[in-house]
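K.L.:
Quick check, what structure comes out for this input:
(chains A and B)
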Amino acid sequence: MTDQVTNASGAPIPAAQTRRDARDRVLGLGKKDFGLFLLVIALTMLAPFILNPFPEGSALSQFNAGYPDLMQRFVIFGIFAIGFNILFGLTGYLSFGHAAFLGVGSYAGIWAMKLLTLNVIPSIVTSIVVAGLFAAIVGFISLRRSGIYFSILTLAFAMMSFALAYSVLTPITGGETGMQLQYFDPRILDGPLEPGTTPRANLFGLEMAASYQLEVGAWLFTFNAGYYIAAIVMLIAFYLAIRIFRSPFGMMLRAIKSNQQRMNYTGLNSKPYTLAAFIISGMYAGLAGGLLVAMDTQVGAERMFWTASGEVVLMTILGGAGTLIGPVLGAGFIKYFENIVSKINESTLEAWFAFLPGGLSDAAVAVVYPFVGKGWHLTLGLLFMAVVIFLPGGLVQGGSKLATVFRRDRNAGPVEGAAAEKRQAAED
Amino acid sequence: MDAIILQILNGLDKGSAYALIALGLTLIFGTLGVVNFAHGALFMLGAFCAVTLSRLLQLSHEVVDDTRTDFLGNPLTVDVPYVYDIFGESAGAAIIDWAVPLAILFAIPIMILIGVVMERGLIKHFYKRPHADQILVTFGLAIVLQEVIKYFYGANPIPTPAPSAFVGSFDFGAVLGFDPGSIVYPYWRLIYFFFAAIVIAAVFAFLQFTTFGMVVRAGMADRETVTLLGIDIDKRFTIMFGLAAAVAGLAGVMYTPINSPNYHMGMDFLVLSFVVVVVGGMGSLPGAVLAGFLLGIIEAFASMSEVLEILPGINQIVIYLVAIIVLLTRPRGLMGRKGVMED
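P.N.:
Next up is the predicted model:
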């Protein structure tokens, strides 16, 4: 190994170019990544506007997603998926038990709120640390195997955590009823509250539930403190993820995905890298769990059930595994579906199709109805299958394919196609 | 002693279900090399075959019965199932009563068809893709199948009773010389065990003693050579997929009297069945069966109150615990073959 900087094909890069690269970097990000980061900042900060495009009371207002509870979920599950993507997208290790870390983080967070203070910062830090430790144990054991065995091992650990939280660990987890904050919790730093008051999580006195509502004409925009705190945390998490993706460490993880054997032959032990990725990913999940607790101050064991682990897999794949923005998009997409599409009922559909003549509108309602409302899982399943079959790169790949089709510069098409093929070949 | 026998018996019926599902999973994995996460959904579809048949048999039309009157004094209308018209009243009643065993005949062709369509329509395109993709697409399929069932049959469990001849329990205690009543075991669970044993034996016999089975085994061992010999192995593997689907379906049909089927029963079993397959060793048929019964019995023993007093909650996690220990000490599982899914 020499210190000489080389480009992808191994040829040395002139010193002037490296200097220019360094100058072009903002916050340690390349130009493209910085642009993406700015875009994500803009989207999250303006989310209350963007997600509320329809005026209050209009027929389409039920598609508005700009209420605090849902917006918080967007960013929190975005964090969860970003973390999962660091493991799955980079190393290719498919963990089917990631919800365990989210759950452990949640329990740790709520206990920090019960024992220390209602301030969210110590609680979130506790969540991250405890989930990281738990991930270190689980990862150390599970990473001794790969492929399907790894998936089953992580699944086994998650189901064990779930079963224990539900039964034996009831004193710590609250069992079936879950854990809530009480006014008589000992909170060493805050002191107990007045009897009968509801404890609320805060950040130095700013309550998570505090909102400012802005009315512009028929539109109502809600700016929620909890959402903005979660969004800022997500931006930090996203920034760190970009740095990990572009770092030599991230390169090493990708090398593990493309050919672990070759890596071993070159004398590199891949275990520390995968374990580090696993722990980082677990800490992201813990962070998401801590934020969930900070927002709604309660935990239930169902957060650790394997379907929750499956959900984060769906999010990441749907958005695009291995891409930066994909998991966030996937998380937003699924949570939007879960909360908005599931609310569409028969009478809403009838109202929509009222413009059609009688028989046709009934037929349209009958056709669409199984896919919305309670049947939204069916749509999700079909969509997920379609993505896995036709777009292994997820929505991000779909977007870039569309962009290639519509781009005026037709020459870009083949070039991108070739690049995508190369990438695909490298991943196989 | 009697407690131990009772726990072994308790473990056998759940173990039978695990073994049947794991057998099908291993058949698919061993022949096609596909990790099928939709296998639990096939088990669930089998159970709903039984539900469907029992509903079909109970399809009825209204007949005015002049001999009886309702509380207003008008002639009573009664629902008469069509089977009564065809087979006469007593035979018809017996047919309705025996809906679940009859569903075996009904389920086999349907499940084979579903399996073949699944393989030709979807799984075929995933042979060359990574295992992660196979897991994901079949996971998506499982969601779709269970949502379709939920749409048609609702979310609540549908009780589907066993024939009345098998309601009640068998007193093992009296037979084996213990106190009467110390080991009682429902007839249907006993039947389930024997049924599972017969199905497993039939699958093994089919693979061992028929030419078709021999070719399939040869294909499992070395697909390329078999293809070079001019045998269309793909076609046979497709049939094996159908067979595996039928095995899962039969396990589901016979399980309906034990647990009322609901749309997510497949997923509940799938997670455990995968653990069973991995413990048994990917690609090993005897391993799958052995691990199925073994884990069923271990789970039954862990649920004993004496054990629970010492280790509370162990019954919830024992299977996973065993899986972790087995995977770490015997990386290929109990009976895994060398070179199959080494990583």
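
K.L.:
Run through the strands of the stretch 251-400 of chain A in chain order.
P.N.:
With DSSP state E, counting those that start in this stretch as the criterion, the stretch 251-400 of chain A has strands at A:298-299.

K.L.:
Any figure for the gap between A:Val396 and chain B?
P.N.:
16 Å (C-beta to the nearest C-beta, to the nearest Å). The way it works is simple: take the backbone N, C-alpha and C, and place the C-beta from them, glycine included.

K.L.:
cool, A:Ala301 as well?
P.N.:
For A:Ala301, the distance to chain B - C-beta to the nearest C-beta - is 11 Å.

K.L.:
contacting residues for that residue?
P.N.:
Contacts for A:Ala301 (C-beta atoms under 8 Å, 6 or more residues apart in numbering or on different chains) come out as A:Gly103, A:Phe162, A:Ala165, A:Tyr166, A:Thr173, A:Gly175, A:Glu176, A:Gly178.

K.L.:
and which of those is nearest chain B?
P.N.:
Ranked by distance to chain B (C-beta to the nearest C-beta), the contacts of A:Ala301 are led by A:Tyr166 at 7.2 Å.

K.L.:
And that closest one, how close does it get to A:Arg73?
P.N.:
Remark: distance between A:Tyr166 and A:Arg73 (C-beta to C-beta, to the nearest Å) = 23 Å.

K.L.:
same question, A:Gly332
P.N.:
A:Gly332 is 9 Å from A:Arg73, by C-beta to C-beta.

K.L.:
Does stretch B:255-271 reach chain A?
P.N.:
Yes. On the criterion C-beta under 8 Å from any C-beta of the partner chain, stretch B:255-271 is in touch with chain A at B:Met267, B:Val271.

K.L.:
In that stretch, which residues are buried?
P.N.:
Neighbour-count burial for stretch B:255-271 flags B:255-267, B:269-271 (criterion: 16 or more other C-beta atoms under 10 Å in any protein chain shown).

K.L.:
Starting from chain B, give me the distance back to the closest residue to A:Leu70 other than its chain neighbours.
P.N.:
Nearest non-adjacent residue to A:Leu70, counting by C-beta to C-beta, 6 or more residues apart in numbering or on different chains: A:Asn339, 5.2 Å away. Going from A:Asn339 to chain B by C-beta to the nearest C-beta gives 18 Å.

K.L.:
List the residues that contact A:Asn339.
P.N.:
The contact partners of A:Asn339, taken as C-beta under 8 Å, 6+ apart, are A:Ala65, A:Leu70, A:Arg73.

K.L.:
Out of those residues, who's the most crowded?
P.N.:
Among the contacts of A:Asn339, A:Arg73 has the most neighbours (other C-beta atoms under 10 Å in any protein chain shown), with 24 neighbours.

K.L.:
quick one: low-confidence ranges for the chain?
P.N.:
No chain in the question, so chain A it is. For chain A, applying pLDDT under 70 flags the ranges A:1-24, A:408-428.

K.L.:
you looked at the wrong chain, it should be chain B
P.N.:
B:337-343.

K.L.:
Specify the local secondary structure of the residue nearest to the spatial centre of it.
P.N.:
Centroid-nearest residue in chain B, with C-alpha atoms, centre = their mean: B:Ala251, separated by 2.3 Å. The local conformation at B:Ala251, judged by DSSP: H, G, I helix; E, B strand; the rest coil, is helix.

K.L.:
Residue numbers of the stretch 251-400 of chain A in contact with chain B?
P.N.:
Residues of the stretch 251-400 of chain A found near chain B (C-beta under 8 Å from any C-beta) are A:306-307, A:310, A:313, A:317, A:370, A:375, A:377-378, A:380-382, A:384-385, A:388-389, A:392.

K.L.:
Ramachandran coordinates for A:Trp219?
P.N.:
phi -90, psi 150 (degrees, to the nearest 10).

K.L.:
Verify the contact between it and A:Ile50 for me.
P.N.:
No. A:Trp219 is beyond contact range of A:Ile50, at 12.0 Å (criterion: C-beta atoms under 8 Å).

K.L.:
and these two? which has more neighbours close in?
P.N.:
More crowded of A:Trp219 and A:Ile50, by other C-beta under 10 Å: A:Trp219, with 17 against 13.

K.L.:
which residues pair with the more buried one across the strands?
P.N.:
Beta-bridge partners recorded for A:Trp219 (DSSP bridges): A:Val216.

K.L.:
show me the residues around it that make contact.
P.N.:
A:Asn52, A:Pro55, A:Glu56.

K.L.:
try A:Pro195
P.N.:
A:Pro195 is in contact with A:Tyr183, A:Phe184, counting by C-beta under 8 Å, 6+ apart.

K.L.:
Tell me which helix or strand it sits in.
P.N.:
A:Pro195 belongs to no helix or strand when elements are defined using DSSP states H and E.

K.L.:
if I look at it, how far off is chain B?
P.N.:
To chain B, A:Pro195 is 34 Å away according to C-beta to the nearest C-beta.

K.L.:
number of nearby residues for B:Gly140?
P.N.:
B:Gly140 has 26 neighbours, counted by other C-beta under 10 Å.
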